[in-house]
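Trainee: I need the structure of the sequence given here:
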Amino acid sequence: MRLPCSVLFASAVFSAQGQAPVAKMPEPVRLTPLRTSPAATLSQDVGISSIKLSFNRPAVRGRVVWGDLVPFGQVWRTGANAATTITFSDPCKVAGKDVPAGTYALFAIPGPNRWTLILSRKAQQWGAYSYDAKDDLLRYEVSPESVPYEEWLDYHIRLTGEDSVRIEFSWETLRVGFPVVFDSKAIYWKHLEFKLATASHTDWVPWYQAADYCQKHDIHMDLASEWIDKSLKAGPSFWNQETKARILRWQGHGPESIAWLEKAIQTARALPPDKQPPKEWFSDKDRELATWKSGVKTS
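Mentor: Numbering: from 1, shown residues only. Here you go, the predicted model:
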């Protein structure tokens, strides 16, 4: 005998209501591992680029490190626990070799007098147990240096110029380092073009920033002149008026540059006190204006 649909529906509702609720299993309890080689991160900006290092810091603890705890001729993770990683936000040169933006594992093959450093495309791995040379992006040779005793492995990113750093790690009585160089001007220009492509013509700031960058670095002054005029059209400020003055001076338009610098100073003085630049700015500009008027070329 086939039951009516209404009876079947009522029976299903009754069964569902009559079931005991299923108890939710509690999350398993886990303690946070206490590692004897603590994790550390280190970062450094270079221009608008950045470098980030993530590593774990083992201690000597009375052991012989080089050639024993860390054997010569074998791949080492340049730290403890997970492989040390290094992240470059933009393309760069590592030890003179091209490296795309990205995150890489940093390995080393220590030797008594020469080391091989390795950047591996396989960044996330535990130790060097799954290291495979086919994942190498590049290898380069370095010479270790003798340094004062260091109980804990340590890394440093030392600025060596506006576009460059030297990355170093030291442990026990040895230090190893390598240079990293960014093409900061090309990277910034790409950033500048990308931003201006979507910048509003009613917003004075990005056009001023682009013109000011060109003026300060003495590049693309034709574009700087065009962009500063867009900025002034969008909204005058003492910032873009001063940059206009400097561009005109670079172009050899002395009287016009003086007039624009005077205008910048007047605009700044007309602002409410809490919106004005610091007093030092006015002192600097007044001295500069006097120099311009005297006809003495400033650097």
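
Trainee: Please identify which helix or strand holds residue 265.
Mentor: In this structure, residue 265 sits in helix 254-269 according to DSSP states H and E.

Trainee: Alpha carbons of the very next helix or strand once past that helix, in CSV - could you do that?
Mentor: Using DSSP H and E, the helix or strand that follows helix 254-269 towards the C-terminus is helix 279-294. Taking C-alpha atoms only, helix 279-294 is exported to CSV below (Å, rounded to 0.1, in the frame of the first residue of the first chain):
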residue,chain,number,x,y,z
LYS,A,279,60.2,77.2,10.8
GLU,A,280,63.4,75.7,9.4
TRP,A,281,61.7,75.3,6.0
PHE,A,282,61.0,79.0,5.8
SER,A,283,64.6,79.8,6.9
ASP,A,284,66.0,77.5,4.2
LYS,A,285,63.7,78.9,1.5
ASP,A,286,64.4,82.5,2.4
ARG,A,287,68.2,81.9,2.2
GLU,A,288,67.8,80.0,-1.1
LEU,A,289,65.6,82.8,-2.6
ALA,A,290,68.3,85.4,-1.7
THR,A,291,70.9,83.2,-3.3
TRP,A,292,68.8,82.8,-6.5
LYS,A,293,68.2,86.5,-6.6
SER,A,294,71.9,87.3,-6.2
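
Trainee: got the angle between helix 279-294 and helix 254-269?
Mentor: Angle of helix 279-294 versus helix 254-269, following axes from the mean of the first three to the mean of the last three Cα atoms, to 10 degrees, is 160 degrees.

Trainee: name the helices or strands packed onto helix 279-294?
Mentor: Secondary-structure packing of helix 279-294 (3 or more Cβ pairs under 8 Å, 6 or more residues apart in numbering; DSSP states H and E): helix 254-269. The way it works is simple: take the backbone N, C-alpha and C, and place the C-beta from them, glycine included.

Trainee: let's go with 10 Å and repeat that
Mentor: helix 238-250, helix 254-269 (3 or more Cβ pairs under 10 Å, 6 or more residues apart in numbering; DSSP states H and E).
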